[in-house]
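S.K.: Structure, please.
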Amino acid sequence: MQQVYLHALFAIIFAAILYPFIGYYSIIVFLSGFVVDVDHYIYYAIRKKDFNLMNGYFYHVPGSKVHEPHSDSLYIFHTWEIWLLFFILAFLSHQLFLFILIGIGIIFHMIFDWGYLFFNKDAIGERAWSLIGWISRN
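M.R.: Here you go, the predicted structure:
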């Protein structure tokens with residue numbers, strides 16, 4: 001989450017690239033590629049029982065006053081079961097185009113996250129990728 005501004009920046013750039021092809025629908029791609037990180041705040045708020053948005057942000061920023069090292073954190077929108085549920089809903093929905101746009105944004109976001117983890121080996125193990133796996137461990 002410490003790279004939230006980079007998520008926003010790259011999502012804006014990606015949406016701008018898509019704009020000539022899909023017009024204002026690119027806003028949906030931007031929002032879904034950026035807002036998916038709300039689960040970091042949810043995790044913080046539940047764990048710390050603190051609903052301060054800035055504390056939730058800085059909790060995930062190494063070196064900040066409120067940061068705590070954490071491992072196996074459950075960021076619900078980053079788990080494969082939620083993605084599977086999302087894609088099932090997409091195919092059952094009459095709003096397939098909308099779900100495709102949201103899916104593009106989420107995939108873009110996750111590629112960015114995986115790149116971050118690849119280049120920051122210390123972050124590996126920081127989050128759970130499976131809801132079922134996380135439940136079985138906790």
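
S.K.: all contacts plus neighbour counts: C-alpha atoms, from now on.
M.R.: Fine.

S.K.: residue boundaries of the helices in the protein?
M.R.: 4-22, 26-35, 38-48, 53-59, 80-92, 96-119, 131-137 (DSSP state H).

S.K.: wait, what's in contact with Phe30?
M.R.: Contacts for Phe30 were tallied using CA atoms under 8 Å, 6 or more residues apart in numbering; they are 8, 11-12, 14-15, 105.

S.K.: What pLDDT is listed against the residue of the chain most remote from its centre?
M.R.: Distance from the C-alpha centroid of the chain, by CA atoms, centre = their mean, peaks at Pro20 (25.5 Å). Predicted confidence (pLDDT) for Pro20: 97.

S.K.: Touching, His78 and Trp129? I think so.
M.R.: Yes. When contacts are counted by CA atoms under 8 Å, His78 is listed as touching Trp129 (6.4 Å).

S.K.: The two - which one has more neighbours?
M.R.: More crowded of His78 and Trp129, by other CA atoms under 10 Å: His78, with 22 against 19.

S.K.: where in the chain is pLDDT low?
M.R.: Low-confidence segments of the chain (pLDDT under 70): 1-3, 121-125.

S.K.: Tell me which of the helices of the chain is the most buried.
M.R.: helix 26-35 (a mean of 22; mean count of other CA atoms under 10 Å).

S.K.: Using CSV, list the CA coordinates for that one.
M.R.: What follows is helix 26-35, C-alpha atoms only, in CSV (Å, rounded to 0.1, in the frame of the first residue of the first chain):
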residue,chain,number,x,y,z
SER,A,26,-11.7,4.2,-19.0
ILE,A,27,-12.7,5.9,-15.7
ILE,A,28,-14.1,2.6,-14.5
VAL,A,29,-10.8,0.9,-15.3
PHE,A,30,-9.0,3.6,-13.4
LEU,A,31,-11.2,3.4,-10.3
SER,A,32,-11.2,-0.4,-10.2
GLY,A,33,-7.4,-0.4,-10.5
PHE,A,34,-7.0,2.0,-7.7
VAL,A,35,-9.9,1.4,-5.2
